[in-house]
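Chemist: give me the fold of what follows.
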Amino acid sequence: MAFYSRRSGWSRLGTLATGAAAIAIGLATPAFAADPFRTESPHAIGDQTEAAFIALFKEGNYVETEVYLAAAEQTEADEPLLHAMLASLAYIEEDWEALEQRAALTKATAEQLTQSDPLRGHLYTAVGIFMNGAYVLKDVGVARGTPRVLTMLQQVFSHLDRAAAIDPNDPELSLIKGYMDLMLAVNLPFSNPEQAITRLSEHGAPVYLAQRGIALGYRDLDQVDNALTAVDRALQAAPENPELMYLKAQLLRRQGTPHQSLALFDQALQYQAQLPRRVAQRIGWERCKTEGTAAEACSARVGY
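Modeler: Predicted structure coming up:
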């Protein structure tokens, strides 16, 4: 499940790059730049793409996200963020063919964007390659896919380095690279997660997505208090996001406060009509488990 279960290597990183790396902006040039990442010197972003970004990552409203993405495909089809967000939805729905197609479109549109916006062009070329690596592992398996994926990973970081050479503290770059570095650090014991957390904290934007990444990292490092601090900051910026409520419910359960956790699970489930079916089922399943019910009984109850 995107953002929720502990994963390793490219599979888990692919989820976050498809969900959090699904953050790209439009090559269409409206009269005023709409940019969810930058408060100064904004890049030109398609209005529908930006609206989809906010609906998905700030509001956790997948129904509205699909409406905005459909509109963006008509007018902003040369924007890599559009295809990256569609790849994110494909990953959640386990539509591997669509994931492969959207990864290719993310890379192709990003390569075109490199001519006019080299930072974002290289950034989303990296994202497209990364998402294609996630598809390769799903298609051929870890054993057969790993050698090819390692070569692709070198290409990913080559393009990220080119983007960083233009502006190492760019909020959009810092957000995506911070997510990638943090997930690598969580899964590779010799890596330093604090560097990725610092990047997200100091330079990543918007805050609701940067702090969400920090909370996920601390959660997987079993630093629950730090994770709760981060998720509370994310909730301050996005108080109606059911996925943040769900994440906080997980953390409260780990902290040993099941009653508070159940209240947050219930709050998240009030928004289930705007969530993908499998995400809502997972939230219901974890709530059931928090009550102390056996896993099999919870699966039968929620159909998960």
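
Chemist: ramachandran coordinates for Pro239?
Modeler: phi -70, psi -10 (degrees, to the nearest 10).

Chemist: revised request: answer the last question for Ala77.
Modeler: phi -70, psi -10.

Chemist: would you mind measuring from it to Glu240?
Modeler: Note on Ala77: its distance to Glu240, by Cβ to Cβ, to the nearest Å, is 30 Å. For the C-beta atoms, the positions are set from N, CA and C on the backbone; glycine is no exception.

Chemist: what about Tyr271, how many residues nearby?
Modeler: Neighbourhood size, Tyr271 [other Cβ atoms under 10 Å]: 19.

Chemist: what's the answer for Gly141, then?
Modeler: Gly141 has 10 nearby residues by other Cβ under 10 Å.

Chemist: check the one 4 residues further on too.
Modeler: Around Gly145 there are 20 other residues, counting by other Cβ under 10 Å.

Chemist: could you pull out the helices for the stretch 151-300 of the chain?
Modeler: Along the stretch 151-300 of the chain, counting by DSSP state H, counting those that start in this stretch, helices occupy 171-187, 193-203, 207-220, 224-237, 242-255, 258-269, 277-290, 295-302.

Chemist: list the buried ones in the fourth one?
Modeler: Neighbour-count burial for helix 224-237, with 16 or more other Cβ atoms under 10 Å as criterion, is recorded at 224, 226-228, 230-231, 233-235, 237.

Chemist: list just the nearest of the residues you listed to Val67.
Modeler: Among these, Ala237 lies closest to Val67 (Cβ to Cβ), at 23.0 Å.

Chemist: per-residue pLDDT of the closest one, please?
Modeler: The model reports Ala237 with a pLDDT of 97.

Chemist: go ahead and confirm it touches Val207.
Modeler: Yes. Ala237 is within contact range of Val207, at 4.7 Å (criterion: Cβ atoms under 8 Å).

Chemist: that older thread, quick one: which of the buried residues of helix 224-237 is nearest to Arg120?
Modeler: Using Cβ to Cβ, these come closest to Arg120 at Ala237, 23.0 Å.
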